[in-house]
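Student: Could you work out the structure for the sequence below:
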Amino acid sequence: MKMQNKEKIQQRNHQEHQKDGISDERKFDKVDTILAQWQRERPDLDSAPMGIIGRLGRLAHYFEAGVSEGLEQFGLTRWSFDVLAALRRAGAPYSLSPNALLQSLMITSGTMTNRIDHLERAALVVRENNPDDRRSVLITLTPAGLEVIEQAVSAHVANEHRLLASLKENEREQLAGLLRQLLLEFES
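Tutor: Model prediction:
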């Protein structure tokens with residue numbers, strides 16, 4: 001069923017691209033159709049940024065779906081994986097203060113509280129008194145949480161390799177460098 005739908009979409013795209021003057025000599029995507037339409041309707045407009053940002057947006061959607069699907073087998077969502085992964089990256093004893101988690105994940109404190117509550121109910125994390133500061137707590141992976149994240153992170157990385165399989169290693173490195181350069185403009 002999925003293959004038939006994919007073939008229908010490809011056929012419809014082919015017809016649309018021919019109408020918009022896109023050559024069959026190269027592969028094209030939906031963004032090419034939009035760019036060709038703008039070129040036809042507004043040749044004075046430099047729509048090149050639309051192509052980059054449009055593709056990044058579409059790819060983000062596909063990547064998010066692919067990552068979420070890969071995490072389902074572990075009973076995790078993207079956000080629960082992110083919290084468990086942040087704790088695992090912290091190293092033994094796999095504990096962080098709620099504030100350190102907030103900084104790591106860039107979310108609000110209310111959202112963090114809800115996420116920790118959910119993971120605590122699932123017995124993947126516990127709140128423990130901070131031995132260095134009796135006024136605060138640490139969020140710590142439970143043995144079950146450590147086991148889940150160990151399995152999930154291995155599968156997650158393999159899944160991300162699969163999602164990027166159409167790119168050669170040097171292309172991945174080039175893309176990573178360009179995206180880093182762009183991201184630094186917003187985060188510095």
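
Student: For residue 141, report the pLDDT, please.
Tutor: We have a pLDDT of 98 for residue 141.

Student: for it, what are its contacts?
Tutor: The contact partners of residue 141, by CB atoms under 8 Å, 6 or more residues apart in numbering, come to 84, 87, 88, 94, 95, 124, 125, 149. (Each C-beta comes from the backbone N, C-alpha and C, glycine too.)

Student: The fifth one: what's it in contact with?
Tutor: Which is residue 95. By CB under 8 Å, 6+ apart, the contact set of residue 95 is 87, 128, 138, 139, 140, 141.

Student: how much space between the residue sitting nearest the centre point of the chain and residue 102?
Tutor: Most central in the chain under CA atoms, centre = their mean is residue 64, positioned 4.8 Å from the mean C-alpha point. Per CB to CB, to the nearest Å, residue 64 is found 22 Å from residue 102.

Student: Figure out the helix or strand that residue 140 lives in.
Tutor: strand 133-141 (DSSP states H and E).

Student: which residues touch the helix or strand just after that strand?
Tutor: Next helix or strand after strand 133-141 toward the C-terminus (DSSP H and E): helix 143-163. Under the contact criterion CB under 8 Å, 6+ apart, helix 143-163 has outside partners 62-63, 66-67, 70-71, 73-76, 81, 84-85, 87-88, 94, 119, 123-125, 141.

Student: Which among these count as buried?
Tutor: Among the contacts of helix 143-163, those buried by neighbour count (16 or more other CB atoms under 10 Å) are 70-71, 74, 76, 81, 84-85, 87-88, 94, 119, 124-125, 141.

Student: Inside strands: which ones of those residues?
Tutor: 125, 141 (DSSP state E).

Student: Nearest to residue 183 among the buried ones among the contacts of helix 143-163?
Tutor: residue 85 (19.3 Å; CB to CB).

Student: I'd say residue 104 and residue 85 touch.
Tutor: No: with contacts counted by CB atoms under 8 Å, residue 104 stays clear of residue 85, the gap being 9.2 Å.
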